[in-house]
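[1] Sequence plus the predicted model coming up.
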Amino acid sequence: MAAPQNYLAVIKVVGIGGGGVNAINRMIEVGLKGVEFIAINTDAQALLMSDADVKLDVGRELTRGLGAGANPEVGRKAAEDHREEIEEVLKGADMVFVTAGEGGGTGTGGAPVVANIARSLGALTIGVVTRPFTFEGRRRANQAEDGIAQLREEVDTLIVIPNDRLLSISDRQVSVLDAFRSADQVLLSGVQGITDLITTPGLINLDFADVKSVMSDAGSALMGIGSARGEDRAKAAAEMAISSPLLEASIDGARGVLLSISGGSDLGLFEINEAAQLVSEAAHPEANIIFGAVIDDALGDEVRVTVIAAGFDGGQPPAIVREPVVKSTPQDRDRDRPAPPRTSYGSLGAVAPAADELPASRTEHIPAPATSPVPPQIPPIQRPYVETPAEELDVPDFLK
């Protein structure tokens with residue numbers, strides 16, 4: 001008699017580089033089940049701190065275990081030099097997640113190499129990466145864009161989470177440590193939102209083949225997670241999932257949608273119907289919507305909705321034009337209120353006070369007038385008209 005076979009899907013999560021390894025450490029910390037964790041880094045010291053099932057110290061000859069120095073080319077070569085080792089740890093996987101913080105060296109350069117290996121082994125390959133905060137500098141931002149473009153060519157589906165969006169849901173007093181921890185939490189949500197659909201048995205079950213039908217060769221994808229309690233909770237959670245501030249784009253036109261609704265044993269049929277209808281109306285009329293429902297009494301009266309949207313025409317979802325919003329204090333609002341305009345004699349409209357009418361301590365902060373010549377090496381910047389130059393000084397850089 002043949003021995004019984006284990007037919008569970010084999011899911012492996014690879015964290016590459018500092019950001020990627022931090023993200024999988026967070027996943028291990030919260031107890032993400034049913035997956036194998038693989039940490040890959042050129043920084044041997046950071047790798048020692050990880051609790052991953054498998055740890056690969058790459059680029060030993062190239063970097064001597066001291067990191068890639070934020071150089072993506074070093075990260076790429078380090079991964080290429082250890083291609084056989086990476087291939088060995090990825091063998092047998094049905095699904096591979098490649099997670100990284102884009103903009104540095106190891107993650108930016110190495111992630112496309114890891115994804116290429118995973119896909120060549122026949123695994124459904126999903127990239128879940130973050131775009132750096134604006135305050136991390138222009139160089140990292142440019143490197144991140146190049147890295148994202150290269151990774152997109154090597155994965156079935158790519159989910160990009162913009163760290164700057166975290167500012168729109170954070171308090172003004174948030175620390176840098178908490179900001180990066182929030183980024184790790186969102187990476188966790190992106191991976192968990194998909195793996196839970198496969199590994200958690202549901203009332204309306206989803207399996208690996210369902211997920212593969214939506215995510216195979218899907219290009220760019222969006223991930224939204226919402227939760228709500230009380231009246232119309234399922235509909236509210238679905239609304240939150242498809243209009244999350246973390247989404248850079250809209251799910252309008254998505255031809256493939258994974259929808260999972262989790263709730264307690266009192267989860268109602270009409271609630272599920274309302275939430276599913278809301279999501280289906282936002283997607284393409286001919287969308288392939290894969291739907292699952294999980295009963296989890298630990299949620300109590302809370303309902304959670306996970307939406308993964310992919311399969312956009314042209315490979316890219318339609319962008320959302322949304323200004324970042326940062327929570328402000330009453331003092332900030334008083335400070336930011338524009339000063340009353342002064343009447344301009346001899347012309348129409350309002351003008352700012354002349355430099356010679358201001359105290360000496362403030363004249364040095366007055367920008368050059370709009371008519372002054374712009375140096376040839378600096379292109380003129382188009383800014384919206386503001387009535388008071390002083391008001392411009394109070395606007396944080398990431399809102400400009």
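    Perfect, thanks for sending it.

[2] Only C-alpha atoms from now on, for both contacts and neighbour counts.
    Will do.

[3] lowest average confidence, helix or strand, in this protein?
    When each helix and strand of the chain is scored by mean pLDDT, DSSP states H and E, strand 350-351 comes last, with a mean of 38.

[4] helices or strands next to the host helix or strand of residue 13 in the packing?
    Take DSSP states H and E as the rule and residue 13 turns out to sit in strand 11-16. For strand 11-16, the packing partners by 3 or more Cα pairs under 8 Å, 6 or more residues apart in numbering; DSSP states H and E come out as helix 17-29, strand 36-41, strand 95-101, helix 106-120.

[5] what packs against the last one?
    Counting by 3+ Cα pairs under 8 Å, 6+ apart, the packing neighbours recorded for helix 106-120 are strand 11-16, helix 17-29, helix 72-81, helix 83-90, strand 95-101, strand 124-131, helix 138-152.

[6] can you do 6 Å?
    helix 72-81 (3 or more Cα pairs under 6 Å, 6 or more residues apart in numbering; DSSP states H and E).

[7] same deal with the second one?
    Using 3+ Cα pairs under 6 Å, 6+ apart as the contact definition, the elements that strand 36-41 packs against are strand 11-16, strand 54-57.

[8] ok, now the first one?
    Contacts of helix 17-29 with other secondary structure elements, assessed using 3+ Cα pairs under 6 Å, 6+ apart, are made with strand 95-101.

[9] change it to 10 Å
    strand 11-16, strand 36-41, helix 44-48, strand 95-101, helix 106-120, strand 124-131, helix 176-199 (3 or more Cα pairs under 10 Å, 6 or more residues apart in numbering; DSSP states H and E).

[10] Please list all residues in contact with the residue nearest to residue 25 when sequence neighbours are not counted.
    Distances taken as Cα to Cα, 6 or more residues apart in numbering put residue 50 closest to residue 25, at 6.1 Å, once the chain neighbours are dropped. Neighbour list for residue 50: 21, 22, 24, 25, 26, 28, 38, 39 [criterion: Cα atoms under 10 Å, 6 or more residues apart in numbering].

[11] Counting neighbours, what do you get for the third one?
    Residue 24: 29 surrounding residues under other Cα atoms under 10 Å.

[12] got the contact list for residue 98?
    Counted by Cα under 10 Å, 6+ apart, residue 98 has contacts 12-16, 20, 38, 107, 111-112, 114-115, 118, 125-129, 151, 155, 158, 191.

[13] what sits opposite it in the beta ladder?
    Residue 98 has these beta-bridge partners by DSSP bridges: residue 14, residue 127.

[14] Okay, now the unreliable bits of this structure?
    By pLDDT under 70, the weakly predicted segments of the chain are 1-7, 246, 248, 313-400.

[15] and if we set it to 50?
    For the chain, the stretches with pLDDT under 50 are 1-4, 322-328, 333, 341-366, 369-372, 374, 385-393, 395, 398-400.

[16] Which secondary structure state does residue 226 sit in?
    Of the three states, residue 226 takes strand under DSSP: H, G, I helix; E, B strand; the rest coil.

[17] thought it was touching residue 239?
    Yes. Contact status for residue 226 versus residue 239: in contact at 7.5 Å, counting by Cα atoms under 10 Å.

[18] That's all I had, so thanks and see you.
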